[in-house]
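Peer 1: one predicted model, sequence on top.
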Amino acid sequence: MTKIPLFATPLLLLCWGCTNLPAGPSDIEASQDSTKNEATAQEEPSVAQGDTNGDGCPAELFLDVAAEEGPGGNYPAPELNVTCTDTHMTVTSNGITHYPYENSNPNDMQAQNHSWTIPLNPQVADAPTEIPLLGDAGFAINGIPFYGPNEAEFPDPYGDPVFNGIMDACAGHPGGQNDYHYHSLLVHCLSAGGLDQDIDRTRPSPIIGFALDGFPIYGPMGCLDEDCTEVVEFKSGWELTVYESPGCESSMECSMDYACGAAIIDGEVTTACGPKDYVWNNSEFIAKGDEIFLDECNGRMGPDGTYRYYATTTFPYILGCYTGTPNGAGGNGPGGNNGGGNNGGGNNGGGNNDGEGEGECETDDDCVTCGEAQGQECIC
């Protein structure tokens with residue numbers, strides 16, 4: 001077994017792309033432009049791309065969290081460790097941010113006992129697998145887990161927390177078990193120094209996380225060919241299908257129970273007022289002919305022939321489904337770990353901590369909480 005503690009790992013990762021939600025139509029228009037990058041074809045970006053195909057342990061991709069500022073206050077210091085066998089990588093973490101943290105949530109960040117094991121050589125499955133409705137779907141390179149693009153049954157049942165504007169500056173917040181987690185991955189939050197990095201959008205983004213099926217997650221910028229003659233911002237193929245006030249600048253323009261956020265409508269990135277709840281019912285994957293649009297799982301084959309996901313500015317932000325076979329997806333989420341993905345149902349078990357109740361339910365008496373997940377079935 002290869003054991004590489006992260007406090008001894010050289011820090012090689014720099015950040016090149018950012019997934020900040022655009023503030024308005026002018027910002028969105030600017031973010032849509034692809035950038036020609038002749039220099040990139042001649043010199044390699046100074047970023048650790050790592051080995052994710054079974055030839056080694058990609059520990060160098062992870063942040064040296066012990067060397068970072070940490071959350072401050074009375075919070076514990078972040079801890080992160082990576083170990084590898086010939087076939088799998090195990091990541092353990094206490095789930096504490098490597099950057100300053102100010103809580104604005106009824107829950108507060110507390111140390112956790114996160115542990116994930118994923119294959120070093122993930123394979124594309126015969127068919128996609130739904131991501132969990134609640135709980136871990138993967139983890140970032142700082143040891144913080146990420147969830148799918150929806151919340152639980154309260155306050156807006158299974159709504160999009162990013163679209164609804166209830167996340168902190170790094171698209172994270174603590175859950176019901178005081179577990180800090182992300183619903184979107186932002187490159188400038190997952191870099192050495194954190195939060196104040198100058199992002200170069202003319203270069204391909206680095207790996208910023210891993211899904212529980214083992215495939216890596218890159219920031220939004222990437223190459224269309226092996227020579228990287230053009231760097232583009234990859235975009236989600238999921239469109240908002242229930243909306244009003246396209247081009248909105250704030251939620252003040254929206255009806256009650258609607259919020260203004262970034263979305264793709266008719267193949268274009270824009271803003272619109274969308275429902276605050278049941279985001280999977282209000283979104284639909286629509287395949288595009290343009291290669292800058294990602295597949296249903298929010299990924300694509302890279303120029304080197306390997307599959308990868310990309311973090312995007314719009315729903316589903318990280319994953320729409322699993323292209324590979326997830327190892328222990330779900331769990332660690334309030335109200336249970338059944339269901340998820342775009343069709344309800346989904347993965348059972350896994351994760352760090354089981355939710356309160358499992359399986360289908362008929363009434364609230366069957367478990368601690370019971371809600372209609374994505375308008376499909378009663379999920380505990």
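Peer 2: Thanks, I have the structure now.
Peer 1: where are the low-confidence patches of this structure?
Peer 2: By pLDDT under 70, the low-scoring segments of the chain are 1-55, 196-197, 328-380.
Peer 1: helices of that one, residue ranges please.
Peer 2: Taking DSSP state H, the helices of the chain run over residues 25-31, 38-42.
Peer 1: list the buried residues for stretch 229-249?
Peer 2: Neighbour counts over stretch 229-249 (16 or more other C-beta atoms under 10 Å) mark 230-240, 243, 245-246, 248 as buried. C-beta here means a position set from N, CA and C on the backbone, and glycine is covered the same way.
Peer 1: can you spell out which residues form a bridge with the spatially closest residue to Leu224 that is not a sequence neighbour?
Peer 2: Closest residue to Leu224 apart from its sequence neighbours, by C-beta to C-beta, 6 or more residues apart in numbering: Glu230 at 5.4 Å. Legend: beta-bridge partners of Glu230 under DSSP bridges are Lys36.
Peer 1: so Glu230 sits against Met221, correct?
Peer 2: No - using C-beta atoms under 8 Å, Glu230 is not in contact with Met221, being 10.8 Å away.
Peer 1: contacts only, for the residue nearest to Thr312 when sequence neighbours are not counted.
Peer 2: Using C-beta to C-beta, 6+ apart and skipping residues adjacent in sequence, the residue nearest Thr312 is Ser236, 4.4 Å away. By C-beta atoms under 8 Å, 6 or more residues apart in numbering, Ser236 lies in contact with 264, 293-294, 298, 312-317, 320.
Peer 1: cool, and Pro316?
Peer 2: Neighbouring residues of Pro316 by C-beta under 8 Å, 6+ apart: 148-149, 236, 238, 283, 298.
Peer 1: how about those residues, which pair is most distant?
Peer 2: Using C-beta to C-beta, the pair of those lying farthest apart is Gly148 and Ser236, separated by 13.5 Å.
Peer 1: show the backbone phi and psi for the spatially most central residue of the chain.
Peer 2: Centroid check for the chain by C-alpha atoms, centre = their mean gives Ile318 as the closest residue, at 3.6 Å. Here the main-chain torsion angles of Ile318 (degrees, to the nearest 10) amount to phi -130, psi -70.
Peer 1: just give me the neighbour total for the closest residue to Tyr317 other than its chain neighbours.
Peer 2: In this structure, Tyr317 finds its nearest non-sequential neighbour in Ser184, 4.0 Å apart by C-beta to C-beta, 6+ apart. Using other C-beta atoms under 10 Å, Ser184 has 26 other residues around it.
Peer 1: relative to Thr92, how far out is Ser184?
Peer 2: To Thr92, Ser184 is 23 Å away according to C-beta to C-beta, to the nearest Å.
Peer 1: spell out the residue ranges of the strands in the stretch 201-350 of the chain.
Peer 2: Applying DSSP state E, counting those that start in this stretch to the stretch 201-350 of the chain gives strands spanning 207-211, 216-218, 221-223, 230-233, 238-240, 258-265, 268-275, 283-285, 299-301, 307-310.
Peer 1: ok, the first one: who's next to it in the sheet?
Peer 2: This points to strand 207-211. Using DSSP bridges, the strands paired with strand 207-211 are strand 138-140 (antiparallel), strand 216-218 (antiparallel).
Peer 1: format the ones you listed as JSON lines; extra columns: distance to Asp198.
Peer 2: Shown next, in JSON lines, are the strands paired with strand 207-211 (distance: least, C-beta to C-beta, whole Å):
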{"stretch": "strand 138-140", "distance to Asp198": "20"}
{"stretch": "strand 216-218", "distance to Asp198": "19"}
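Peer 1: Asp108 is nearest to which of these?
Peer 2: strand 138-140 (19.7 Å).
Peer 1: for that closest one, which positions count as buried?
Peer 2: Using 16+ other C-beta under 10 Å, the residues of strand 138-140 that count as buried are 138-140.
Peer 1: quick check, nearest of these to His98?
Peer 2: Using C-beta to C-beta, the buried residues of strand 138-140 come closest to His98 at Ala140, 10.0 Å.
Peer 1: the closest one: what's it in contact with?
Peer 2: 146, 182, 185, 190, 208-209.
Peer 1: may I have the beta-bridge partners of it?
Peer 2: Gly209.
Peer 1: measure it to Tyr101 for me?
Peer 2: 14 Å.
Peer 1: please apply the same query to Thr85.
Peer 2: 33 Å.
Peer 1: more neighbours, those two?
Peer 2: Tyr101 (20 against 13).
Peer 1: what's near enough to touch the residue nearest to that one when sequence neighbours are not counted?
Peer 2: Closest residue to Tyr101 apart from its sequence neighbours, by C-beta to C-beta, 6+ apart: Pro71 at 3.8 Å. Pro71 is in contact with 78, 96-97, 99-101, 109, counting by C-beta under 8 Å, 6+ apart.
Peer 1: just the buried residues out of those, in ChimeraX syntax.
Peer 2: To isolate the buried ones among the contacts of Pro71 in ChimeraX, judged by 16+ other C-beta under 10 Å, type:
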select :78,96,97,99,101,109
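Peer 1: would you confirm that Val65 contacts Leu80?
Peer 2: Yes - counting by C-beta under 8 Å, Val65 touches Leu80, with 4.7 Å between them.
Peer 1: before we move on, back to that, return the member of the buried residues of strand 138-140 nearest to Glu130.
Peer 2: For the buried residues of strand 138-140, the residue nearest Glu130 by C-beta to C-beta is Gly138; the value is 14.0 Å.
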